[in-house]
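In: Sequence plus predicted model, see below.
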Amino acid sequence: LWCSVPDEALAAAADKGLLDTPEGRRSQVARMLDDPRASRLTERFVPQWLASDAVEERAPDPRRFQGVDAALLGSMRAESVLFVDTVLRERRPVSSLLGAGFTFADARLASHYGIPAPAGGGMRRVPAPPDRAAGILTHASVLLCTSNPTRTSPVKRGRWVLESLLDAPPPPPPPGTAQLPANVGTPGGGSMRELLAAHRADAACAACHRRMDALGFVFESWDPVGRRRDRLADGPVDDRGELPDGRVLAGTAALRAELRGNPAFTRILLRHQTTFAFGRECT
C-alpha cells in the first residue's frame, strides 16, 4: 500500500497478533490508505494496470496533433492517477472507475478536452462532462497509449480492453501476420473497417479479432490523443462494434454498461493488484 517497509504501528500490530483477524487487517488497511504515503500505490500501480506508463514518452504526429507536448502528456498521466487515487481514498465501489461524475484537469488538459479550465493552478477535481462520463475509458492517457502516432488503432484498443479490463488476453498474433497499411483511413487507402474485415477473413485471425476489433471500434469517437471527434477523413465516425454473440455496442457508454457489474472487471483489477504487490505473475 505504501511501496515501502512497514512503519512502527504496523510492525507493532503484527507483533501483537492484531493482523491475524479480518477486523485487525481492515483497521490497518484503512489507516494506511488515509496516510499520504498511500499515493505511492496509485502513482506506480495505475499506469501499469492501464498500460499508460509510457504516456510521457509517446510522440503523436506533431503535424496532425499540435500542442501535445511533454507538459500535456504529464497532465494526462496525472488525471488517471488522481482519479483512481480519489476513488480509493473515498472508498467508492470498483464500478466508480468506469464513471464517478468527476475527473481531474489543469488548464492545459481542460483546453485539450474543450472543457472550462479549473480555477487555480495545477490539477484540480472538476465535473466530468457528459461525453467523458465513462471514467478511465475516456482518459486521454489510455486513448493515446492505445493508438498509433497518426491514427487510432481498434486492434490495440480492443486488446487493451481484453487484457486490462476483462481478464481475457488474446494470444499473440501468428508469425508473419500482415500489418495494416500506413495510409489506412485516408482517401484511397481503404477504411479501417474494410481492412480489418478482410483481416478477419483469415481463419487464423478471426477467432481473436472478432471480439477484439468490436471492442476497439467502440472507441472510434475518440481520436489518437483523446479528443472527441465526429468525422474521419473518409466519412462520419462509426463507433459501433458487433460482438461474436450478435450484440452491438455503440460507443464507450455502451462499453461502460457492459463492464459494470461484470465480475471479470473486478477479477482483473485484483489480479493486477496482486501481481503488483508480489512483483511477479500469480497463477
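Out: Thanks, I have the structure now.

In: quick one: low-confidence parts of the stretch 101-250 of the chain?
Out: 174-190, 194-208 (pLDDT under 70).

In: can you give me the helices for it?
Out: Here the stretch 101-250 of the chain has its helices, by DSSP state H, counting those that start in this stretch, at 107-113, 140-145, 154-160, 192-200, 203-217.

In: Relative to residue 31, which of the ones you listed is closest?
Out: helix 140-145 (30.0 Å; Cβ to Cβ). Just so you know, the C-beta spots here come from the backbone N, C-alpha and C atoms, and that holds for glycine as well.

In: Residues in contact with the closest one: which ones?
Out: 47, 50-52, 54-55, 58, 60, 73, 76-77, 79-80, 109, 112-113, 136, 157, 160, 219, 222-227 (Cβ atoms under 8 Å, 6 or more residues apart in numbering).

In: hmm, 7 Å instead?
Out: 50-52, 54-55, 58, 60, 76-77, 79-80, 112, 136, 219, 222, 224-226 (Cβ atoms under 7 Å, 6 or more residues apart in numbering).

In: Filter these down to the buried ones, PyMOL style.
Out: Remark: buried members of the contacts of helix 140-145, expressed as a PyMOL selection using 16 or more other Cβ atoms under 10 Å:
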select buried, resi 50+51+52+55+58+60+76+77+79+80+112+136+219+222+224+225+226
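
In: pull the CA atoms of stretch 240-247 into PDB?
Out: The C-alpha trace of stretch 240-247 is given here as PDB (Å, rounded to 0.1, in the frame of the first residue of the first chain):
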ATOM      1  CA  ARG A 240     -20.400   0.500 -33.200                       C
ATOM      2  CA  GLY A 241     -18.900  -2.900 -32.500                       C
ATOM      3  CA  GLU A 242     -20.700  -6.200 -33.100                       C
ATOM      4  CA  LEU A 243     -19.700  -8.900 -30.600                       C
ATOM      5  CA  PRO A 244     -19.500 -12.500 -31.600                       C
ATOM      6  CA  ASP A 245     -22.900 -13.200 -30.000                       C
ATOM      7  CA  GLY A 246     -24.500 -10.600 -32.200                       C
ATOM      8  CA  ARG A 247     -24.900  -7.900 -29.700                       C
END
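
In: For it, buried residues please.
Out: residue 241.

In: can you list the residues that contact it?
Out: So stretch 240-247 is in contact with 210-211, 214-215, 217-218, 248-250, going by Cβ under 7 Å, 6+ apart.

In: Format the residues you listed as TSV; extra columns: distance to residue 237 and neighbour count.
Out: Listed next are those as TSV, based on distance: Cβ to Cβ, whole Å; neighbours: other Cβ atoms under 10 Å:
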residue	distance to residue 237	neighbour count
210	21	15
211	21	20
214	16	22
215	16	23
217	10	26
218	11	26
248	15	11
249	14	20
250	11	14
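
In: Would you agree residue 39 is in contact with residue 86?
Out: No: Residue 39 lies out of contact with residue 86 (Cβ atoms under 7 Å); the separation is 10.6 Å.

In: which neighbours do the two share?
Out: In contact with both residue 39 and residue 86: no residue, using Cβ under 7 Å, 6+ apart.

In: Minimum distance to residue 270: which of the helices of the stretch 101-250 of the chain has it?
Out: Closest among the helices of the stretch 101-250 of the chain, using Cβ to Cβ: helix 154-160, at 18.1 Å.

In: what residues does the closest one touch?
Out: 51, 146-147, 170, 192, 196, 212-217, 219-220.

In: And for stretch 98-117?
Out: Contacts of stretch 98-117 (Cβ under 7 Å, 6+ apart): 71-72, 75-76, 78-79, 82-83, 87, 92, 118, 122-129, 132-137, 140, 227, 256, 259-260.

In: Could you do stretch 23-35 as well?
Out: With Cβ under 7 Å, 6+ apart, stretch 23-35 has contacts from 1-2, 10, 13, 18-19, 38, 88-89.
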